[in-house]
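K.L.:
starting from these lines, generate the structure:
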Amino acid sequence: MNTSPLRVYADTSVFGGVFDDIFETASRAFFQQVTDGRFQLVISPVVQREIDSAPAPVREWFASLAPRLELIPQTEEALQLRQAYLDAQIVTAKSTTDAFHVALATVANCRLIVSWNFKHIVHFQKIPLYKAVNRNHGYAEIDIYSPLEVIHYEGEEI
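P.N.:
Numbers count the residues shown, from 1 in each chain. Sure thing, here's the model as predicted:
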């Protein structure tokens, strides 16, 4: 059994999910498992900027997790991969930030991305496209899930 934490990129929606009636339980369980050491939580400057304009409770939650966050840099390599996603028409230019989250996580060698963004990130038609672009550009495929799909449930074998 591998006991080292999985490197997981969380986009902004997961932090906000803590304060959403629908997503609160799974979001809080995910962050508890970060605290418990199951996941190494990775974020980017994009997440930081989005959190800066979030409601105060989301900013405070984010700040409380700061010691557990690994901040990855925004790189030219990630910008180029983001452009490859746009060129492949996975998302439109209107959703450039969503593509950037995927690119940043990929370039930083995260094992997976967690998000509540079901339109542009956690979408059954888009995930294989992100993976194909990654393969075509020499990157590993990245798994993309909602927090509900990655949390460990009591009594479950890992």
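K.L.:
who are the contact partners of the nearest residue to Ile90 once chain neighbours are set aside?
P.N.:
The shortest distance from Ile90 to any residue other than its chain neighbours is 4.5 Å, reached at Leu129 (Cβ to Cβ, 6 or more residues apart in numbering). In short, each C-beta sits where N, CA and C put it, glycine included. Leu129 makes contact with 85, 88, 90, according to Cβ atoms under 8 Å, 6 or more residues apart in numbering.
K.L.:
can you pull out the strands in the chain?
P.N.:
Applying DSSP state E to the chain gives strands spanning 6-10, 39-43, 69-71, 112-114, 143-145.
K.L.:
got a list of contacts for the fourth one?
P.N.:
In other words, strand 112-114. The contact list for strand 112-114 (Cβ under 8 Å, 6+ apart) reads 6, 8-11, 14, 30, 101-102, 105, 121, 142-147, 150.
K.L.:
and it, how far out from the chain middle?
P.N.:
Using Cα atoms, centre = their mean, to the nearest Å, the mean C-alpha position of strand 112-114 is found 4 Å from that of the whole chain.
K.L.:
given that strand, what are its sheet partners and their directions?
P.N.:
Looking at strand 112-114 with DSSP bridges, its partner strands are strand 6-10 (parallel), strand 143-145 (parallel).
K.L.:
any regions of the protein where pLDDT drops low?
P.N.:
By pLDDT under 70, the weakly predicted segments of the chain are 1-2, 154-158.
K.L.:
tell me where it has helices.
P.N.:
Using DSSP state H, the helices of the chain run over 12-17, 24-35, 45-52, 56-65, 76-87, 96-107, 127-136, 147-150.
K.L.:
can you lay out those helices as a markdown table showing distance to Val114?
P.N.:
Below are the helices of the chain laid out as a markdown table (distance: least, Cβ to Cβ, whole Å):
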| stretch | distance to Val114 |
| --- | --- |
| helix 12-17 | 5 |
| helix 24-35 | 6 |
| helix 45-52 | 12 |
| helix 56-65 | 14 |
| helix 76-87 | 18 |
| helix 96-107 | 10 |
| helix 127-136 | 13 |
| helix 147-150 | 5 |
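K.L.:
right, and these - which one's nearest Trp116?
P.N.:
helix 12-17 (3.9 Å; Cβ to Cβ).
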